[in-house]
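# okay, here's the prediction I keep looking at, along with the sequence it came from:
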Amino acid sequence: QVQLVESGGGLVQAGGSLRLSCAASGRSFSTYAMGWFRQAPGKEREFIAAMSWSGGGTYYTDSVKGRFTISRDRAKNTVYLQMNSLKPEDTAVYYCAAGHSIVVLTATHAAPDYWGQGTQVTVSS
């Protein structure tokens, strides 16, 4: 059974930092692109960041560039999202995703092969 399990969410004050982790199990994701999405209340799920399977390419939505960093540990089958300088508008449920290509994560209508269950991030002002 393939699973992506996120952790690391929580409540943080504006300006603070959190690091989300996504542990993959059930198969190796070493050849998969990995990414993060988020969904705020009343809004559609949106793309945040992605990394190619080789780690050579990273992609970010404009609102998080310079503040968020995606990374992965292929040996641990884990992907991370370091979030710094958090703002109240970053409050959302954050989802990990895996795709057989980077395009399925970064396309306008993203269609990852796998989704995690989500972890809540709340940034207080």
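Done, it's in. Numbering: from 1, shown residues only.
# the residue nearest to Val104 when sequence neighbours are not counted in helix, strand or coil?
Spatial nearest neighbour of Val104, chain neighbours left out: Ala111 (5.1 Å); criterion: CB to CB, 6 or more residues apart in numbering. C-beta coordinates here come from the backbone N, C-alpha and C atoms, glycine included. What DSSP: H, G, I helix; E, B strand; the rest coil gives for Ala111 is coil.
# from Ala49, how far out is Ala111?
17 Å (CB to CB, to the nearest Å).
# and after the one helix or strand in the chain whose mean pLDDT sits lowest, which helix or strand comes next?
Lowest mean confidence among the helices and strands of the chain (mean pLDDT, DSSP states H and E): helix 103-106, at a mean of 92. Downstream of helix 103-106, the next assigned helix or strand under DSSP states H and E is strand 114-115.
# okay, now the sheet partners of that following strand, with direction.
strand 92-99 (antiparallel) (DSSP bridges).
# next one: the strand it pairs with to chain centre, how far?
How far strand 92-99 lies from its chain's middle: 5 Å, per CA atoms, centre = their mean, to the nearest Å.
# and the contacts of it?
4-6, 9, 20, 22, 24, 29, 32-41, 43, 45, 48, 50, 79, 81, 105, 110-121 (CB atoms under 8 Å, 6 or more residues apart in numbering).
# filter those down to the buried ones.
4, 6, 9, 20, 22, 24, 29, 32-38, 45, 48, 50, 79, 81, 105, 110, 112, 114, 116, 118-119, 121 (16 or more other CB atoms under 10 Å).
# contacts made by the least confident helix or strand of the chain with the rest, please.
33-35, 47, 50, 59, 97, 99, 110-113.
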